[in-house]
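1. this one's structure only:
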């Protein structure tokens, strides 16, 4: 029997290949929630809106697009793929709940939620994974990596408390927030999360992560297709935030050639990478900045 992992919380069911007895214990949430140490509620509408009355906003007249630039094509695909050129990334801003434009506006993509048919399944040597049940064109929004938004201190506490056999789901992202200003976000979907928590790492991924702000200053960590993806292909992203040999969008991870040969760093046991890519770095990325 095929289960809906989201329990009806997503626009389309999230298929689960298995029985309820093997279902991992966590609370499904399609959206980020406020976790320990987080001072901003991700569900609170805090960003200003545009006054456009058209079906879809135009850069010439939309305050959102004029301020932050056009991020999507008319078909909803993300523009400027793989444009990261530093250790930080620039966020995307969508029209929000305070905007006057239509819900069909082309600058509303991630907020529409899951629209693709995905399936969580057992990969074998890599545990649970996610595959697509339909083809996905390049630039298409696939899903969020949603969970608890937590503070740096809480992220450090959780990572230090983890046992070697436990999975580490914590993602940390750094963004440019103006001249000389950097914004950090720490997210953990271990206990509360969505289908994104089941995505595996790959050193040669087909997805890439992009912070997207919709209604709140707290970004949504959205995953987009970096290339055309076939039916039944496993969906994977680089846990360090890199894509197509571009630098990572998050904080530096210790996966360079000088450290890859060691299976322990700062006393922590590194996990073997089984992605199978030709450029595999042998170990999963490890964010040492959280431990300092």
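-> Now that the structure is in, tell me what you want to look at. Keep in mind the model is a prediction, meaning the values are calculated, not measured.

2. Which neighbouring elements make contact with the longest helix anywhere in the chain?
-> Counting residues, the longest helix found in the chain (DSSP state H) is helix 152-161. Applying 3 or more Cβ pairs under 8 Å, 6 or more residues apart in numbering; DSSP states H and E, one finds that helix 152-161 makes contact with strand 182-188. All C-beta atoms are positioned from the backbone trio N, CA, C, and that covers glycine.

3. so what strands line up beside the strand it packs on?
-> strand 148-150 (antiparallel), strand 171-176 (antiparallel) (DSSP bridges).

4. and of those, who's closest to residue 102?
-> Ranking the strands paired with strand 182-188 by proximity to residue 102 (Cβ to Cβ) places strand 171-176 first, at 28.3 Å.

5. Pull out the buried positions in the closest one.
-> 171-175 (16 or more other Cβ atoms under 10 Å).

6. Can you pull out the low-pLDDT segments for this protein?
-> 1, 81-90, 177-180, 242-269, 287-292 (pLDDT under 70).

7. Please parse it into its domains.
-> 1-23+43-140+197-243, 253-286 (automatic domain parsing).

8. wait, which of the ones you listed is closest to residue 184?
-> Smallest distance to residue 184 across the domains of the chain (Cβ to Cβ): 10.0 Å, for domain 1-23+43-140+197-243.

9. Can you tell me which of the buried residues of strand 171-176 lies closest to residue 143?
-> Nearest to residue 143 among the buried residues of strand 171-176, with distances taken as Cβ to Cβ, is residue 171, at 13.7 Å.

10. That closest one is in contact with residue 193, isn't it?
-> No: using Cβ atoms under 8 Å, residue 171 is not in contact with residue 193; the gap is 10.7 Å.

11. Any figure for the gap between the nearest residue to residue 65 once chain neighbours are set aside and residue 109?
-> Nearest residue to residue 65 in three dimensions, chain neighbours excluded: residue 59, at 4.4 Å (Cβ to Cβ, 6 or more residues apart in numbering). Per Cβ to Cβ, to the nearest Å, residue 59 is found 16 Å from residue 109.

12. That concludes my questions; thank you for your assistance.
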